[in-house]
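1. sequence unknown, structure follows:
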C-alpha cells in the first residue's frame, strides 16, 4: 500500500472533520499506513483538504446522470496519474470507487467547503468538475443541474458560474459570458472586465495547492485570454 504522507503535504485540516471527514474517514483509516505518515493539520486549508473535497464532489458528479462513464473515470485517473504518479493515483481511484457507493450529503459537504475554502480554490474545484463532466464529449442536463447546484452551495456567484460554464458549454455569447459582461459592453468596459478576470483567475492564486492544480488553473486563465482576444478581433480594437 502506497504511503500518502508526502502527497498530503502536512495532512488534512478542516476536511478531516464534518461531513467530508465522515465520508472519507473509514476509508482513510484503511488506506493510510499506521507509521505516522498521516498528520492532522488544524485551521488551514491544505492540499489534502482540496483533494478530498474534490474526490467527494467528483463522486457526486459521476453519479449525476445515473451512470458512471468510462471516459469520465479515465479523465480523473489521468489527472491523478499526472499529479501524483501511478501508485497514488491507483489508491485515489480506489477511494473514489468507495465514495460513489455512498449517499453523499451534498448540501452539508458544500456548506463545509464554502465555510473553509478560499474563493480561488472553490473556483478551481468548479472548473475541474466541469472538465470531468465534459470528458465523455458532452455535459448532460443532469450534470449541468448538479454543477449549478454545487456552484450555488459553495458560494460561487451566478456570474462566476456562467463564466466557467462558458469555457465548456459553447454558444455565440461565450466570450462575453467568460468575461462576465454583456455583448453591448463598451470597449473600456471590456478592457476593465478582462483585467478583473485576469486577476480573479490567475494561476498564482491556487499555487499553494501544488504545481498540478496551478497547471489546471492555467487552462482556465487561458480561456479568459482567448475570450478577450476573440472580442478584440470581433470589435476591432487593440
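-> Good, I have the coordinates. Just so it is clear, the model here is predicted, and its values are computed rather than measured. Residues are numbered from 1 along each chain as shown.

2. Contacts only, for residue 58.
-> 76, 96, 129, 132 (CB atoms under 8 Å, 6 or more residues apart in numbering). The way it works is simple: take the backbone N, C-alpha and C, and place the C-beta from them, glycine included.

3. pull the helix or strand with minimum mean pLDDT from this structure.
-> Across the helices and strands of the chain, mean pLDDT, DSSP states H and E gives its lowest value to helix 5-8, namely a mean of 50.

4. Let me know the closest of the contacts of residue 58 to residue 17.
-> Using CB to CB, residue 96 comes nearest to residue 17 of the contacts of residue 58, at 20.6 Å.

5. tell me what the host helix or strand of the closest one is packed against?
-> For residue 96, the host element (DSSP states H and E) is helix 86-99. Judged by 3 or more CB pairs under 8 Å, 6 or more residues apart in numbering; DSSP states H and E, helix 86-99 is in contact with helix 18-31, helix 47-62, helix 70-84.

6. For residue 104, find the nearest of the ones you listed.
-> Nearest of the helices and strands packed on helix 86-99 (CB to CB): helix 47-62, 4.9 Å.

7. OK, contacts around the residue most central in space within the chain?
-> With distances taken as CA atoms, centre = their mean, residue 125 lies nearest the centre of the chain, 1.8 Å away. Taking CB under 8 Å, 6+ apart, we find residue 125 in contact with 50, 53, 54, 57, 113, 117, 154.

8. which of those has the most neighbours?
-> Counting by other CB atoms under 10 Å, residue 113 has the largest number of neighbours within those, with 28 neighbours.

9. in terms of contact, does that one touch residue 123 like I think?
-> No: taking contacts as CB atoms under 8 Å, residue 113 lies outside contact range of residue 123: 11.8 Å.

10. tell me what the lengthiest helix in the chain is packed against?
-> Longest helix in the chain, counting residues (DSSP state H): helix 211-235. Contacts defined by 3+ CB pairs under 8 Å, 6+ apart place helix 211-235 against helix 70-84, helix 119-133, helix 174-178, helix 187-200.

11. sorry, back to before: just the buried ones from the contacts of residue 58, in PyMOL syntax?
-> Of the contacts of residue 58, the buried ones go into a single PyMOL selection, burial set by 16 or more other CB atoms under 10 Å:
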select buried, resi 76+96+129+132
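
12. what about the protein, any weak spots by pLDDT?
-> Residue ranges of the chain with pLDDT under 70: 1-11, 26-44, 84, 172.
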